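Colleague: Return a 3D structure for these sequence lines:
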Amino acid sequence: MHTAAEQTLDNIPAFCEGVLHLADDGAAAVPAPEPVVDAATGTIAAIDDSAVAQTRSIADALRYTTLQLCAAKESGHPGGFASIADAYAALTVLGHTNIVTEVGHHAPGFYSAMFLDGSLEAMGIRNMRQLQARFRERDGLLGHLSGAIPGLLAPAGPLGQGQHFAMAGAYLNRDTLFPCTIGDGGLGEPYILSAIKHFHTSYPDVTNFLPVLVWNGFSQEHHSMVSLMDNAQMTAYWRAHDVDNVVLIDAKDFDDSGQPGAYVDSTLFGDTARSAFTRAVLEGARAAADAALNGTLSVLIIKQLKGAGVHAHGAKAHNLYPGDNPDKPNIASALQRGALSPQAWALVRENMRRAGGGPAGHTVVTEFERALPAIGELPTHDYAPGDKAVPATAMAHMVAELGRRDPQFVVTNADGNEASNMKPINEALQIRHPTADPLYNQSPSGQVYEPLSEDACAGFAAALALFGGRSLWLSYESFAINGWPIVQTVGQAMAELRRKTPATVSMFTAGALEQGRNGWTHQRPEIENYIGGQMRNGNVYLLYPADANMIQAAYSWAMAQSNKAISIVASKSALPVYTTPAQAADAIEHGAVTLYESAASGRATIVFAVTGDMVYQPVFAARDRLESLGYRVRVVCVANPRRLYRPRDVAWQHAAEADGRFIDDATFAALFDGDALIGVSGGGTSGLEPVMLRSRAAARDLFAWQRGETTASPAEILAFNGITAESLAERAVAMLDAGAADSRAA
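Modeller: Numbers count the residues shown, from 1 in each chain. Next up is the predicted model:
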């Protein structure tokens, strides 16, 4: 064993610059000096002794790189990935490199893989020293996975998301395998397997994704919730969720070192036992992959102690803390034990470069812009101002036609399109269901995906968009919060991507004002503030169409966008039409439009800035009161508030497909200048923030949602929240009177 400094420079691969410990080339026999992965096929020819030995070397290299990488910054998470490194190595040499993960804490392991196959050279990372310098740094390798890193297909942060990316990849790319590592800590969350089961019921022919369970007995700070299961119970657990082929490799079956407990570390085995375990992982991975690619839903389970081959075992291996540097005895000794020779490093690099047809950064499906069917201009219906129309239904006809033109387009919904007055979608595209029933618009080949889980709906829709497909998530505003975190994750990832991908689009109906008799359980418009708080990211848009014409403009605009997260909030009730189609399109593109302005001059000008649609009813009633008192009134629809910020308010310049369009001061003033400004929202107030930031009105106020209650009508719930014609008019007059009094006093 030598430090890198003691080796002669001419026998050390250049990418190993910065590797702290190297073994002698003669320390371990290499069965074949040539790489086992064929450059032409991107895989191994057979599982023989050479393949086993070189797969072991890849697993060791992944562990070593992961640990030294984390120790270099005294932070990061080496333990979980260390226990699955054997499976990652096996899948790689078998040519399956479109790998995603459910575990954000596996990031340093995935970065190590991208470093070893050369993908990170696109970021200027060519050796270990540079890898360490860029780890957990800005413009480098962030602490959890991002889709911006070459070769990595999707982000990973919150648990329970990775399977959606794997299923979306499989849906869009039927001849490619998408393995997805899943931690047994995360498996304690039941929605991972329920999402897989529902997807398999809906798409029984799409089996080319492969869950890879990291069954290591521990979560982040304690034993995992499935740690007491035995192998038969774990197998039954997966089979109960439609997984017909369970391939379980238990390291305990190969242990020749007398390790106690159900979970053991394969790197502590003798050479023969270690090779036998690696061979079993290779054979199991091949069997699981082949089955998945040939129509059988499968899982690969590797049961091995957390922290195998690194500095600690169990939850203590999970995270490094200040002081956990490469010189700390337990870390230094682990690095020395896991050190590879220069010859082994060279073989690892060449095998990983060849696997799957080339470095992942050059070959995985998300490194390319996906070709989409041309959809042309979607048909719309021009409603005349003064008509009444249902915004949700107007959009539904567009969605239905889009699905006809793009057969892979998917609509996801948990609570029923029909209940949201969007039945034309179900009629045209059909709910995907194994039971064909025309009464309920069900068909095994339908394009409407309806798991009763907002997480599954949002996850599949957002993942499809990230992977290059068209999708739409429809939800009740009330329940959207249960699915929003993955849209937030994907939206941030889209802001970082180096390629164009369709925007992830969601539309929320049945807002609080339409859910009176259901009470506060169905009145949760606070989701608007959650989304609105992300508009400063630079690629998040919250759209408030005022009527049926404007929602059509909103959806047309959204479907033409790339690398954005767009949410539309609208009603399912018949409401007045205020705009012409041209005005509607202008409102979405530029941010706002004047719906009404008093023709005559008045005592003072009162401006109402409004987000929503149904909430205009008390606003226009307040207009009538104020005009009768001699005031001049302007009602402005805030349709696309992201456009109303000042450029310095938003990190637009950091986003992929950067959008730096904001209305100028003169246009803003023409819309919102007045003697008094009142912002009105039937939901959250975040959409009105840019108006309040830029307004020059001396008198300003906000009326918005406060809390839910059981009521008989929208008017009653509005009144409960203080949004009535009387209160709006009275507040406007009071603000003007107070301003006049202040002027007299001055």
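Colleague: from here on, contacts and neighbour counts on C-alpha atoms
Modeller: Will do.
Colleague: Sketch out the low-pLDDT regions of the protein for me.
Modeller: Applying pLDDT under 70 to the chain flags the ranges 1-10, 26-32, 188-190, 740-746.
Colleague: State which helix of it is the longest.
Modeller: When the chain is parsed with DSSP state H, its longest helix is helix 49-73.
Colleague: elements contacting the next helix or strand after that one?
Modeller: Tracing the chain past helix 49-73, the next element assigned as helix or strand by DSSP states H and E is helix 79-82. Here helix 79-82 touches helix 49-73, going by 3 or more Cα pairs under 8 Å, 6 or more residues apart in numbering; DSSP states H and E.
Colleague: Just the buried positions in the helix it packs on, please.
Modeller: Residues of helix 49-73 classed as buried under the neighbour-count rule (16 or more other Cα atoms under 10 Å) are 50-73.
Colleague: then stretch 288-307 to CSV, C-alphas only?
Modeller: Provided in CSV are the C-alpha atoms of stretch 288-307 (Å, rounded to 0.1, in the frame of the first residue of the first chain):
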residue,chain,number,x,y,z
ALA,A,288,-34.1,-9.0,-13.2
ALA,A,289,-33.1,-6.7,-16.1
ASP,A,290,-33.9,-9.2,-18.7
ALA,A,291,-37.3,-10.0,-17.2
ALA,A,292,-38.2,-6.3,-16.9
LEU,A,293,-37.3,-5.7,-20.5
ASN,A,294,-39.4,-8.7,-21.5
GLY,A,295,-42.7,-8.0,-19.9
THR,A,296,-42.3,-9.1,-16.2
LEU,A,297,-42.4,-6.5,-13.5
SER,A,298,-39.3,-7.1,-11.4
VAL,A,299,-37.3,-5.9,-8.5
LEU,A,300,-33.7,-6.4,-7.6
ILE,A,301,-33.1,-6.5,-3.8
ILE,A,302,-29.6,-6.3,-2.4
LYS,A,303,-29.5,-7.1,1.3
GLN,A,304,-26.3,-5.8,2.7
LEU,A,305,-25.3,-3.8,5.8
LYS,A,306,-25.4,0.0,5.5
GLY,A,307,-21.9,1.4,5.1
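Colleague: any idea how far it is from the chain center?
Modeller: Stretch 288-307 sits 24 Å away from the centroid of its parent chain (Cα atoms, centre = their mean, to the nearest Å).
Colleague: Ok, stretch 154-165 next?
Modeller: Counting by Cα atoms, centre = their mean, stretch 154-165 comes out at 7 Å from the chain centroid.
Colleague: which residues are contacting that stretch?
Modeller: 100-105, 144-147, 180-182, 186-187, 189, 191-192, 195-196, 211, 456, 459-460, 463-464, 466-467, 485-486, 489-490, 493 (Cα atoms under 8 Å, 6 or more residues apart in numbering).
Colleague: Do you have the helices of the stretch 101-250 of the chain handy? List them.
Modeller: For the stretch 101-250 of the chain, the helices defined by DSSP state H, counting those that start in this stretch occupy 107-116, 128-134, 162-172, 191-202, 231-239.
Colleague: would you turn those into CSV with mean neighbour count and distance to residue 287?
Modeller: Shown next, in CSV, are those (neighbours: other Cα atoms under 10 Å; distance: least, Cα to Cα, whole Å):
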stretch, mean neighbour count, distance to residue 287
helix 107-116, 26, 23
helix 128-134, 19, 34
helix 162-172, 27, 18
helix 191-202, 20, 20
helix 231-239, 15, 16
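Colleague: for those helices, which one sits closest to residue 603?
Modeller: helix 162-172 (58.4 Å; Cα to Cα).
Colleague: how big is the angle separating that closest one from helix 191-202?
Modeller: 20 degrees (axes from the mean of the first three to the mean of the last three Cα atoms, to 10 degrees).
Colleague: what about the residue most central in space within the chain, which SS state?
Modeller: Closest to where the C-alpha atoms of the chain average out (Cα atoms, centre = their mean) is residue 490, at 2.9 Å. Under DSSP: H, G, I helix; E, B strand; the rest coil, the three-state class of residue 490 is helix.
Colleague: distance of it from residue 142?
Modeller: 15 Å (Cα to Cα, to the nearest Å).
Colleague: picking up where we left off before, hmm, the residue nearest to the centre of the chain is touching residue 463, no?
Modeller: Yes. Counting by Cα atoms under 8 Å, residue 490 does reach residue 463; the two are 7.3 Å apart.
Colleague: what's the spacing between residue 407 and residue 446?
Modeller: Separation of residue 407 from residue 446 (Cα to Cα): 10 Å.
Colleague: So which of those two has more stuff around it?
Modeller: Just comparing residue 407 and residue 446: by other Cα atoms under 10 Å the higher neighbour count belongs to residue 446, 23 against 13.
Colleague: quick one, what contacts the nearest residue to that one once chain neighbours are set aside?
Modeller: Leaving aside its chain neighbours, residue 446 sits nearest to residue 432 (4.0 Å; criterion: Cα to Cα, 6 or more residues apart in numbering). Going by Cα under 8 Å, 6+ apart, residue 432 touches 202, 442, 443, 444, 445, 446, 447, 448, 449, 450.
Colleague: cool, residue 40 as well?
Modeller: The contact partners of residue 40, by Cα under 8 Å, 6+ apart, come to residue 357.
Colleague: secondary structure class for it?
Modeller: Classified using three-state DSSP, residue 40 is coil.
Colleague: Now do the longest helix of the chain: distance to the chain's middle.
Modeller: 29 Å.
Colleague: packing partners for it?
Modeller: helix 79-82, helix 85-93, helix 107-116, helix 128-134, helix 271-293, helix 329-337, helix 342-354.
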